[in-house]
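Undergrad: Whatever this is, show me its structure:
(one chain, ligands or ions: 1)
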Amino acid sequence: MTNIDNVYLELKESLGDRKVSNKLSERLCFSRDVTPVAYKWIDLYDKPPYLSDIVVKPDTVGDIQKILKVGAKYKVSINTYGGGSGTVGGIIPANNGITIDMSKLDKILNLDKESLTVEAESGIIAQVLEDYLNKNNFTLRHFPQSFRSASLGGLIATKSIGQFSTKYGGIENYVVGLEVVLPDGKILKTSDIPRSSTGPGINNFFIGSEGIYGIITKGILKIYHIPECIRFQCYLFNDIYSGMDAIKEVMQSGAVPPVVRLYNKKESELKFSGIGFDYKGCLLILGFEGIKELVDAECKISNKICLKKRGKDIGSELGEKWYENRFDTKHIMEKEEEFGGISDAIEVAASWSKIKNLHNKIETYFNERKITLASHLSHAYINGISLYNIFYSEEKDEEQAIKVFYNIWNDVMKITIDNGGTISHHHGIGMIKIGMLKKELGEGYNLLKGIKKNLDPNYILNPGKLIDKGVHE
Ligand SMILES: Cc1cc2nc3c(=O)[nH]c(=O)nc-3n(C[C@H](O)[C@H](O)[C@H](O)COP(=O)(O)OP(=O)(O)OC[C@H]3O[C@@H](n4cnc5c(N)ncnc54)[C@H](O)[C@@H]3O)c2cc1C
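TA: Just a heads-up that it's a prediction; the model follows:
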């Protein structure tokens with residue numbers, strides 16, 4: 001019997017037949033996320049290059065401890081699958097092994113109406129949590145576009161961000177407490193304390209850790225009252241840079257619009273021409289919400305700034321339409337499905353003093369290669385903003401499409417680091433960006449590695465993600 005046969009038998013013995021599977025259909029389902037190259041592998045190969053050997057569906061924290069025990073005994077890799085909506089190959093089993101499907105750990109455990117927090121198991125899908133909160137007159141306000149498929153654990157493990165982030169921040173601003181099963185099976189818990197100065201903050205080791213330091217089993221998150229009103233304002237700018245100036249001034253004025261989205265000419269046209277955008281220029285959508293008096297004041301302040309920066313007020317309708325369709329993802333994989341087609345979104349960020357130069361460098365890169373670039377700036381901060389670059393390319397065949405895909409990623413990441421930006425604002429690193437992380441983090445990369453070595457010396461948990469050690473060693 002091979003090592004993996006023994007693992008399979010021992011897992012069945014320990015967890016019961018029902019929770020453990022080695023059926024090819026299950027293994028295929030849980031071995032890929034939404035990374036564009038994973039689609040190409042389906043066409044190109046009989047079996048994808050990375051395939052889990054065993055899929056396990058625990059429904060208790062005790063089950064997870066048992067899986068880790070078997071993994072440690074046979075030194076077999078363990079990968080954690082949340083909702084599978086990741087775009088950077090975070091759940092791809094680089095070393096094969098076991099994949100844990102977290103979907104059965106999906107219970108809501110506590111709603112603290114006084115402190116405004118909710119506690120839930122990490123396999124719950126964000127939309128399900130929001131539906132529950134809405135029934136109780138509360139809301140999450142963490143709205144990534146993948147809201148209907150991403151799990152709480154995945155949102156925390158990738159350090160995700162939502163479309164209303166400019167007011168509420170990323171997931172790191174929501175998480176107050178966590179429960180994590182560490183690689184040795186011990187359980188780590190943090191509680192619902194609003195802030196604490198007991199060291200750097202234990203939660204921070206796991207937010208954005210991409211499953212390499214432990215398996216997140218529970219989260220306690222801040223929640224909000226449903227806002228009294230939501231209002232949109234849209235402006236047209238002749239060029240992207242005047243739009244950026246307007247956003248910077250709004251952000252630094254003290255007004256806090258949750259939604260800030262400035263589209264380049266191409267994306268304004270591609271995304272909005274079918275729903276009433278018949279202008280030439282860059283569309284800016286600002287969304288405000290909360291108590292009416294506050295919204296009135298913020299709208300007034302922002303309107304004055306946008307007009308001063310030569311924005312043309314084009315009403316609220318396009319913003320309202322965007323809001324209605326904000327979770328629509330049906331067009332997203334169209335290019336990957338075409339023979340030789342490839343596209344992806346490279347989400348970077350930089351400070352206000354660097355973003356124009358970075359935008360210019362990235363745009364020039366795509367223009368010189370005649371590759372279509374639709375981009376927007378969103379998730380604004382007082383000190384900078386993120387830039388979301390969507391590229392579309394048509395190549396002669398699938399192999400060439402994969403080659404071009406990696407070349408573009410590596411070139412754009414290099415441009416970003418060389419010009420003072422970050423290679424990931426919110427999708428994480430996964431397998432796609434791993435080669436450049438060291439370049440961005442410098443000595444910080446060794447810190448990540450040191451923590452891993454200490455917590456998981458055999459590199460059992462999610463090898464090949466965030467840090468490059470542990471794959472086929
Ligand atoms: C159409 C589309 C739109 C998107 N929009 C956004 C957006 O607006 N904002 C944004 O931030 N992202 C967005 N994403 C990316 C993706 O949805 C997020 O990264 C999301 O957080 C992934 O959650 P998931 O549950 O699907 O994680 P998965 O894809 O299952 O896993 C992602 C990573 O998290 C790890 N992980 C999952 N669960 C756990 C756990 N319980 N414990 C430890 N590690 C775990 C996995 O091992 C993997 O490394 C989008 C993706 C798509 C396809």
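Undergrad: helices and strands of this protein: which one has the lowest mean pLDDT?
TA: One helix or strand of the chain scores below all others by mean pLDDT, DSSP states H and E: helix 334-337, with a mean of 77.
Undergrad: by contact count, what packs against that one?
TA: helix 36-44, strand 341-351 (3 or more C-beta pairs under 8 Å, 6 or more residues apart in numbering; DSSP states H and E). Where you see a C-beta, it was placed from the backbone N, CA and C, and this is true even at glycine.
Undergrad: and it, how far from the chain's centre?
TA: In terms of C-alpha atoms, centre = their mean, to the nearest Å, the centre of helix 334-337 is set 20 Å apart from its chain centre.
Undergrad: again, but for stretch 9-19
TA: So, by C-alpha atoms, centre = their mean, the centroid of stretch 9-19 is 32 Å from its chain's centroid.
Undergrad: which parts of that stretch are buried?
TA: Burial within stretch 9-19, assessed by neighbour count using 16 or more other C-beta atoms under 10 Å, is assigned to 10-12, 14-15, 19.
Undergrad: Could you list which of these belong to strands?
TA: Among the buried residues of stretch 9-19, no member falls in strands (DSSP state E).
Undergrad: Can you name the two of these that sit furthest apart?
TA: E10 and K19 (12.9 Å; C-beta to C-beta).
Undergrad: Kindly reformat the helices and strands packed on helix 334-337 as TSV and extend each row with mean pLDDT and mean neighbour count.
TA: Listed next are the helices and strands packed on helix 334-337 as TSV, based on pLDDT from 0 to 100; neighbours: other C-beta atoms under 10 Å:
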stretch	mean pLDDT	mean neighbour count
helix 36-44	85	18
strand 341-351	96	21
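Undergrad: need these in TSV with distance to Q145, can you?
TA: As requested, the helices and strands packed on helix 334-337 are exported to TSV (distance: least, C-beta to C-beta, whole Å):
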stretch	distance to Q145
helix 36-44	16
strand 341-351	10
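Undergrad: between those, which gets nearest to N419?
TA: Nearest to N419 among these is strand 341-351 (7.2 Å), distances taken as C-beta to C-beta.
Undergrad: So is the closest one next to the ligand?
TA: No - Strand 341-351 does not reach the ligand (C-beta under 6 Å from any ligand atom); its nearest approach is 8.2 Å.
Undergrad: Please state the offset of that strand from the chain centre?
TA: Relative to its chain's centre, strand 341-351 lies at 12 Å (C-alpha atoms, centre = their mean).
Undergrad: and what of stretch 382-401?
TA: For stretch 382-401 - counting by C-alpha atoms, centre = their mean - the centre lies 16 Å from the chain centre.
Undergrad: so what's the residue of the stretch 201-350 of the chain found nearest the ligand up against?
TA: Closest approach between the stretch 201-350 of the chain and the ligand, counting by C-beta to the nearest ligand atom: G211, at 3.1 Å. Shown in contact with G211 (C-beta atoms under 8 Å, 6 or more residues apart in numbering): 79-80, 90-91, 157, 461-462, 465.
Undergrad: doesn't G71 make contact with D184?
TA: No - applying C-beta atoms under 8 Å as the test, D184 and G71 come out as separate, 10.8 Å apart.
Undergrad: Neighbour count: the two, which is higher?
TA: G71 (23 against 14; other C-beta atoms under 10 Å).
Undergrad: so how many other residues sit close to Q65?
TA: Count around Q65 with other C-beta under 10 Å applied: 19.
Undergrad: what does the model give it for pLDDT?
TA: pLDDT, Q65: 98.
Undergrad: again, but for H472
TA: For H472, the model assigns a pLDDT of 56.
Undergrad: Now do the contacts for the nearest residue to G430 once chain neighbours are set aside.
TA: Spatial nearest neighbour of G430, excluding adjacent residues (C-beta to C-beta, 6 or more residues apart in numbering): V88 at 2.9 Å. For V88, the contact set (C-beta under 8 Å, 6+ apart) comprises 33, 35, 424, 427-433.
Undergrad: Tell me the one among the residues you listed nearest to C234.
TA: Looking across these and measuring by C-beta to C-beta, the closest to C234 is H427, at 26.7 Å.
Undergrad: hang on, that closest one packs against A349?
TA: No - using C-beta under 8 Å, H427 is not in contact with A349, being 11.4 Å away.
Undergrad: Once you drop chain neighbours, what's closest to the residue of the chain most remote from its centre?
TA: Distance from the C-alpha centroid of the chain, by C-alpha atoms, centre = their mean, peaks at M1 (39.8 Å). Distances taken as C-beta to C-beta, 6+ apart put L9 closest to M1, at 8.0 Å, once the chain neighbours are dropped.
Undergrad: same thing with I355?
TA: Nearest non-adjacent residue to I355 (C-beta to C-beta, 6+ apart): I385, at 5.8 Å.
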